[in-house]
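**Q** give me a model of this one.
(2 chains)
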Amino acid sequence: MREKRDKKDKKKFKRFAPRSCRFERLGVELVDWKDVATLQRLCTGQSKILARKRSGTSALFQRKVKEAIKRARYMALIPYAGN
Amino acid sequence: MYPYEAMFLVDPVKHTEDAAATEKVVSGLLEKHGAKIHKFERWDERKLAYDIKGHKRGVYLLSLFEMPGKNLRGLRDDCELNETILRQLILRLDTDIPTYLAQCAKYQEKTREELESRRAARREDEDREGEEALDDFASVQE
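**A** Predicted coordinates:
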């Protein structure tokens, strides 16, 4: 029983990225809404914005990511939904 | 005078017919409203993520300019009325244009570096522990 739960916990942990903000690590000031490749990596396959828990982005940069993704969506650089 | 960044999505059909004239339409509009253009750049024609006004493809024009704030409304209205421009996004910048360009360049360089190193790391992982790395890859993709 005990073993089973440990295994489960381990699996759960693995799903989440480590808690280090990619943008803080890189030392950048902004999130460029024109850089499609990076923005797409912050979206799910269905083009939903990745939660902070999943991507590890800090609160400050998550706000910038949100803004950038919405701008890119408006300009049809990335889809609003689906592929 | 405030610094602005604007992206225009123009009709690809008109652009292939006469690229210079189409770009002139946009730069002409900017100049008409008293914009001092710092940078004017064309992106290659690309596929749109979704249809806009019946178009599946489009040409993007990116411009950085300075313009008096009171002309912004007029510029937006003119863009809306213009048939060549399918969509536009005009943003006022927090910083001046050279700073913004520098920040963008830095961002591009850093993210490119990261992408490369991640790719390299992934390749190494795959060599070492085939199945587990694939699992990780799947969760990252998700």
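
**Q** show me what the longest helix anywhere in chain A is in contact with.
**A** Determined from DSSP state H, the single longest helix within chain A is helix A:59-74. Residues from elsewhere that reach helix A:59-74 (CB atoms under 8 Å, 6 or more residues apart in numbering or on different chains): A:21-24, A:30-34, A:36, A:39, A:42-43, A:49, A:52, A:55, A:57, A:78-80, B:49, B:87, B:89, B:91. (Glycine included, C-beta is placed from N, CA and C.)

**Q** can you pull the buried residues of that helix?
**A** Within helix A:59-74, the residues that qualify as buried are A:61, A:62, A:64, A:65, A:68, A:69, A:71, A:72, A:73, A:74, counting by 16 or more other CB atoms under 10 Å in any protein chain shown.

**Q** the residues you listed: which two are farthest apart?
**A** Taking CB to CB, the two most distant members of the buried residues of helix A:59-74 are A:61 and A:74; they sit 20.2 Å apart.

**Q** tally of neighbours for the closest residue to residue B:25 other than its chain neighbours?
**A** Distance criterion CB to CB, 6 or more residues apart in numbering or on different chains; nearest residue to residue B:25, sequence neighbours excluded, is residue B:84 at 5.0 Å. Neighbourhood size, residue B:84 [other CB atoms under 10 Å in any protein chain shown]: 18.

**Q** now do the host helix or strand of residue B:48 against helix A:59-74, angle only.
**A** According to DSSP states H and E, residue B:48 maps onto strand B:46-52. Relative orientation of strand B:46-52 versus helix A:59-74 (axes from the mean of the first three to the mean of the last three CA atoms, to 10 degrees): 80 degrees.

**Q** other residues contacting strand B:46-52?
**A** By CB under 8 Å, 6+ apart, the residues outside strand B:46-52 that reach it are A:73, A:76-80, B:9, B:55-58, B:60, B:86-87.

**Q** using CSV, lay out those residues together with distance to residue B:30.
**A** Shown next, in CSV, are these (distance: CB to CB, whole Å):
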residue, distance to residue B:30
A:73, 24
A:76, 22
A:77, 21
A:78, 26
A:79, 29
A:80, 28
B:9, 15
B:55, 22
B:56, 27
B:57, 24
B:58, 19
B:60, 15
B:86, 17
B:87, 16
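
**Q** local confidence estimate at residue 1?
**A** Using chain A. pLDDT, residue A:1: 49.

**Q** other chain: chain B
**A** On the pLDDT scale, residue B:1 gets 88.

**Q** so what's it up against?
**A** B:36, B:66, B:67, B:68.

**Q** what values do phi and psi take at the last one?
**A** In this case it means residue B:68. As for residue B:68, its main-chain torsions (degrees, to the nearest 10) stand at phi -60, psi 140.

**Q** out of the contacts of strand B:46-52, who's nearest residue B:15?
**A** For these, the nearest to residue B:15 is residue B:58 (8.7 Å; CB to CB).

**Q** who does whichever strand in chain B runs longest touch, helix- and strand-wise?
**A** The longest strand of chain B (DSSP state E) is strand B:55-67. Counting contacts by 3 or more CB pairs under 8 Å, 6 or more residues apart in numbering or on different chains; DSSP states H and E, strand B:55-67 packs against strand B:2-10, helix B:12-17, helix B:19-32, strand B:36-42, strand B:46-52, helix B:97-128.
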